[in-house]
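Enquirer: fold the following.
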Amino acid sequence: MLSSPILALALSALALLSSQAAEDSYRFVVVDATEWSAASLGALDLDVVGPTPDGLGIELIARDRELAILEESGLPYVVTIADLETYYASRLVPSSPPQGAAGASINPPFGQGGMGGYHTYDEVAAILDQLAAQFPLITSSKFSLGQSIEGREIWAIKVSDNPELDEIEPEVRFDSLHHAREPMSMEATLYFMIWMLENYGSDPLATYLVDEREIWFVPVVNPDGYVYNQTTNPNGGGMWRKNRRDNGFDFGVDLNRNYPFAWGFDDSGSSPWTGSQVYRGTGPASEPEIQAMVAFFASRNFRTALSSHSYSNLWLAPWGYDSVFPPDHDDLQEIGALATKSNGFPFGPAFLLLYPANGVTFDQDYGPNDTFAWTPEIGSSQQGFWPPVGDLISLAQSTLEGFQTTAVAAGPYLLHQGTLLLDLGDGDGEFEPGETVGVIVDVRNSGRGAGEPTVKLISNDPDLTVISGSESLGSLSPFSSAVNSAAPLLMTIDPAATPGSALDFSAGLNWEGPDDLSSETLTVGFPEPNEWQNLGGGTLGINGVPSLTASGSLVAGTPFEINLANAAPSALMVVWLSFDSMPLSVLGGTLHANPVDAQFVRVSDSGGSLSEGGSWFAGVPTGTELTLQFLIQDLSVIQEITMSNGVTATTP
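Expert: Numbers count the residues shown, from 1 in each chain. The predicted structure follows:
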């Protein structure tokens, strides 16, 4: 309940202004957030948008009525835009969509609608007809959920592989324009639908969604309010929010405060006063638009839903009506995190991220209907309720992944979480030539339906051979994980693979949705130290005589060659240099102590060689003592190592 000082302020402002029949200009106002929170300002019956981008202020929309409340409260405020409708309209210049954007199949295209570039109510209805005609096998004809208070149809459309049949597939709903001043919500909803239709058959995700989901769209929940904005502001920018119910001395009910669940829970999350922008109506579902939506919810089994709004770049979830977490909070958060992975929107309960709101869509979805539902608030403070038309496509694309995620999560949503490699050779943790590698794939089901994943392994390198490339994990229940640790996938490294080389493979999962495979790399390791023999070393000066022989020299910039005679294919030599003060060693197959350089060569039956220029000595001061060392695997197959400058080492 409102505290008595707040109640007094609100009643005073109401008495002062409730008799005004005509609304005045809408102003953009910022209040200091250190003094008041969004929730406390909402309790004053102010039109709160949300925090400023820096978090130091609270953004409000204020007409004379709200300004009077601010004045009576003594709250310091700043009017930053005196006439929002004029300001928004000045930025609305119709523009063509960028190349490659969805929407080539509609007329008018995105950005060229009749209301400052935004589509009008009639244009939306016409687009639904166009889509049904162009995609008749996967789109239903538009149908009406009911009529608005002024008699306009609330159009809906269904997308599925058998749109006229009621199949046993997970059901999803997308709606928008509960608030008439938020056309970006409608454009983003249309964009997702059209992306799906235009990419069906070519994009695996679009094809999966159409074939395995039943998806309904309600682009304009509040047709009267939206048409009213077109009437008063034909070039866009209209700030009317509510529907057009005649309350006697003013108009409108906030449709997103009129749902029955938790209706009127308190006067902070909605208002009993008709002049308020969050006026909740005379009773639960008092408005025909909400009656139609509630009946629609009850007639279906929506597993997930999005009810889009603008703005604030947030991804809101239940609860809105009370400051408590819902029973499925963790699951809602898991899907919310996936939905906002690309755009970085903060996600979570509305009461926590924004302000309390009762009688709202996602509470009605989640409470009585067990629908996991969210509200994206699309757009930044700078973009506002009517973003510049040039931002329309980029904003729609910024939420596309969230729409896709919501649709997938209605059923199974299987994801590759990570890959673990096992050394099944000598067990030293190095993946050495000739060894077998086990692959463990971690799979998560982040959806509301059970799925049946099969983990997969694919070699992308000739030095990797897959022995066991797939394994079923059986049925994976919602919001659970599984790994194939009992039956690892297997691959072997070619015995001739070069230590230090990177071998590419793909690991992940296959399921009824698009494969989720990630590119992985395995680095070939070095054999254990006890598998190597040291053929000796010597002290070399830049222009001095190597200690291994009485002749020869290594000179910076002068190529040298190391030849191996009578070698077998399995022989592998490692040659490196180090400063005397930092001798090198092979420890667990890893080179240590900052080598100047290291080279590896595998040789053939007829011998092999490694030729190297002066880069080994580049930058080394004249006279620096260096150590040249040779290590070789399988000493028995090599009888001699000869350096081209005359340095010779012979096996014992």
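
Enquirer: tell me the domain ranges of the protein?
Expert: 4-82, 123-143+173-408, 414-523, 529-650 (automatic domain parsing).

Enquirer: surely residue 182 touches residue 310?
Expert: Yes. Assessed by Cβ atoms under 8 Å, residue 182 is found in contact with residue 310 at 4.5 Å. Glycine gets a C-beta too; all of them are placed from N, C-alpha and C.

Enquirer: hey, what's in contact with both of these two?
Expert: The contact sets of residue 182 and residue 310 overlap at residue 385 (Cβ atoms under 8 Å, 6 or more residues apart in numbering).

Enquirer: low-confidence ranges in this structure?
Expert: Scanning the chain for pLDDT under 70 picks out 1-23, 35-36, 38-39, 42, 527-652.

Enquirer: contacts only, for the residue nearest to the spatial centre of it.
Expert: Taking Cα atoms, centre = their mean, the centroid of the chain lies closest to residue 341, which sits 2.4 Å from it. By Cβ under 8 Å, 6+ apart, the contact list for residue 341 reads residue 401.

Enquirer: give me the distance between it and residue 401.
Expert: Plainly put, residue 341 is 7 Å away from residue 401 if you go by Cβ to Cβ, to the nearest Å.

Enquirer: same question for residue 170.
Expert: 19 Å.

Enquirer: between these two, which one's more packed in?
Expert: For residue 170 versus residue 401, neighbours defined as other Cβ atoms under 10 Å are more numerous around residue 170 (21 against 17).

Enquirer: surely residue 242 is in contact with residue 253?
Expert: Yes. Residue 242 lies in contact with residue 253 (Cβ under 8 Å); the separation is 5.6 Å.

Enquirer: list the contacts of residue 455.
Expert: Contacts for residue 455 (Cβ under 8 Å, 6+ apart) come out as 441, 443, 470, 471, 473, 484, 489, 507, 508, 509, 510.

Enquirer: can you tell me the closest non-neighbouring residue to the last one?
Expert: Right, the one you point to is residue 510. Counting by Cβ to Cβ, 6 or more residues apart in numbering, residue 510 lies nearest to residue 454, which is 4.7 Å off, once chain neighbours are set aside.

Enquirer: ok, the one you found touching residue 509?
Expert: Yes. Applying Cβ under 8 Å, one finds residue 454 in contact with residue 509, separated by 6.5 Å.

Enquirer: which one's more surrounded, these two?
Expert: More neighbours surround residue 509 than the other of residue 454 and residue 509, with 27 against 17 (other Cβ under 10 Å).

Enquirer: what pairs with the one helix or strand that one maps to, parallel or antiparallel?
Expert: Residue 509 belongs to strand 502-510 when assigned by DSSP states H and E. Its sheet considered, strand 502-510 pairs with strand 454-459 (antiparallel), strand 516-523 (antiparallel) by DSSP bridges.

Enquirer: how about the ones you listed, which one is nearest residue 351?
Expert: strand 516-523 (34.0 Å; Cβ to Cβ).

Enquirer: other residues contacting the closest one?
Expert: Residues from elsewhere that reach strand 516-523 (Cβ under 8 Å, 6+ apart): 414-416, 419, 421, 431, 437, 456, 458, 460, 464, 493, 500-509.

Enquirer: what's the PyMOL line that selects buried ones from the residues you listed?
Expert: The buried residues among those can be selected in PyMOL (16 or more other Cβ atoms under 10 Å) with this line:
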select buried, resi 414+415+416+419+421+431+437+456+458+464+493+503+505+507+508+509
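
Enquirer: just the CA atoms of the helix ranked longest in the chain, as PDB, please.
Expert: In the chain, with assignment by DSSP state H, the single longest helix is helix 183-198. The C-alpha coordinates for helix 183-198 follow below in PDB (Å, rounded to 0.1, in the frame of the first residue of the first chain):
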ATOM      1  CA  PRO A 183       6.500   0.100 -32.300                       C
ATOM      2  CA  MET A 184      10.000  -1.400 -32.100                       C
ATOM      3  CA  SER A 185       8.500  -4.300 -30.200                       C
ATOM      4  CA  MET A 186       6.200  -5.100 -33.200                       C
ATOM      5  CA  GLU A 187       9.000  -4.700 -35.800                       C
ATOM      6  CA  ALA A 188      11.300  -7.100 -33.900                       C
ATOM      7  CA  THR A 189       8.500  -9.700 -33.700                       C
ATOM      8  CA  LEU A 190       7.800  -9.400 -37.400                       C
ATOM      9  CA  TYR A 191      11.500  -9.600 -38.200                       C
ATOM     10  CA  PHE A 192      12.000 -12.900 -36.400                       C
ATOM     11  CA  MET A 193       8.900 -14.400 -38.000                       C
ATOM     12  CA  ILE A 194      10.000 -13.300 -41.500                       C
ATOM     13  CA  TRP A 195      13.600 -14.500 -40.900                       C
ATOM     14  CA  MET A 196      12.200 -17.900 -40.100                       C
ATOM     15  CA  LEU A 197       9.900 -18.100 -43.200                       C
ATOM     16  CA  GLU A 198      12.500 -16.700 -45.600                       C
END
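
Enquirer: that helix packs against which elements?
Expert: Helix 183-198 makes packing contacts with helix 121-134, strand 153-159, strand 171-175, helix 204-212, strand 214-218, helix 392-398, helix 400-408 when contacts are defined by 3 or more Cβ pairs under 8 Å, 6 or more residues apart in numbering; DSSP states H and E.
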